[in-house]
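[1] no FASTA, just this:
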């Protein structure tokens with residue numbers, strides 16, 4: 001065997017190969033609000049941040065908690081629990097910063113579980129749910145509401 005024979009061998013595909021797109025797949029960021037499992041399409045999320053102290057926003061919607069700075073940009077924080085009519089969230093949890101052009105908005109949630117991929121055919125309608133819920137899917141053993149967080153941001157900011 002020569003010194004460079006390794007280059008002539010057929011190479012096996014890398015384990016780190018980029019995942020092929022599943023046209024029926026839906027990647028969801030799963031999070032919790034109290035003990036309720038929720039999700040949002042990953043494409044709607046720009047960043048996840050730890051809770052931090054907020055400054056007053058000067059905006060009038062009842063579910064706006066305040067603002068924090070991400071770099072040099074102020075980000076308006078919406079308390080999802082308060083938006084849904086639940087008791088206010090405490091001083092912990094995470095901020096899900098939305099991928100919304102022209103607006104800097106984050107949603108305050110109790111915690112983030114992780115990213116899951118489901119088949120779109122598994123998403124069921126959710127009659128009686130708030131308008132911001134686009135469907136329900138079972139992730140593991142948990143029924144999980146899929147939210148349209150951009151619609152919440154639009155509603156709160158009246159843009």
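    Perfect, I can see it now. As the structure is a computational prediction, the values presented were derived from the model and not from experiment.

[2] Now for the nearest residue to residue 98 once chain neighbours are set aside, how many residues are close by?
    Excluding the flanking residues, the one nearest residue 98 by CB to CB, 6 or more residues apart in numbering is residue 105, at 5.0 Å. Where you see a C-beta, it was placed from the backbone N, CA and C, and this is true even at glycine. Per other CB atoms under 10 Å, the neighbour tally for residue 105 reads 25.

[3] so how far is residue 33 from residue 105?
    17 Å (CB to CB, to the nearest Å).

[4] again with residue 144
    Where residue 33 is concerned, residue 144 sits at a distance of 11 Å (CB to CB).

[5] and the helix or strand of the chain with the lowest mean pLDDT, what does it pack onto?
    Least confident helix or strand of the chain, by mean pLDDT, DSSP states H and E, is helix 149-157 with a mean of 88. Helices and strands touching helix 149-157, by 3 or more CB pairs under 8 Å, 6 or more residues apart in numbering; DSSP states H and E, are strand 73-79, helix 80-83, strand 94-98, strand 105-109.

[6] among the ones you listed, which is the most enclosed?
    strand 105-109 (a mean of 25; mean count of other CB atoms under 10 Å).

[7] got a list of what residue 143 touches?
    Contact analysis of residue 143 by CB atoms under 8 Å, 6 or more residues apart in numbering lists 37, 136, 137.

[8] Strands along the protein, start to end?
    25-33, 36-41, 45-50, 64-70, 73-79, 94-98, 105-109, 111-119, 133-139, 142-147 (DSSP state E).

[9] who wins for proximity to residue 56 among the ones you listed?
    strand 64-70 (5.7 Å; CB to CB).

[10] tell me the mean pLDDT for the closest one?
    Average pLDDT, strand 64-70: 93.

[11] Give the buried residues for it.
    64, 65, 66, 67, 68, 70 (16 or more other CB atoms under 10 Å).

[12] could I get those as JSON lines with distance to residue 98?
    Formatted as JSON lines, those follow (distance: CB to CB, whole Å):
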{"residue": "64", "distance to residue 98": "14"}
{"residue": "65", "distance to residue 98": "15"}
{"residue": "66", "distance to residue 98": "16"}
{"residue": "67", "distance to residue 98": "14"}
{"residue": "68", "distance to residue 98": "14"}
{"residue": "70", "distance to residue 98": "11"}
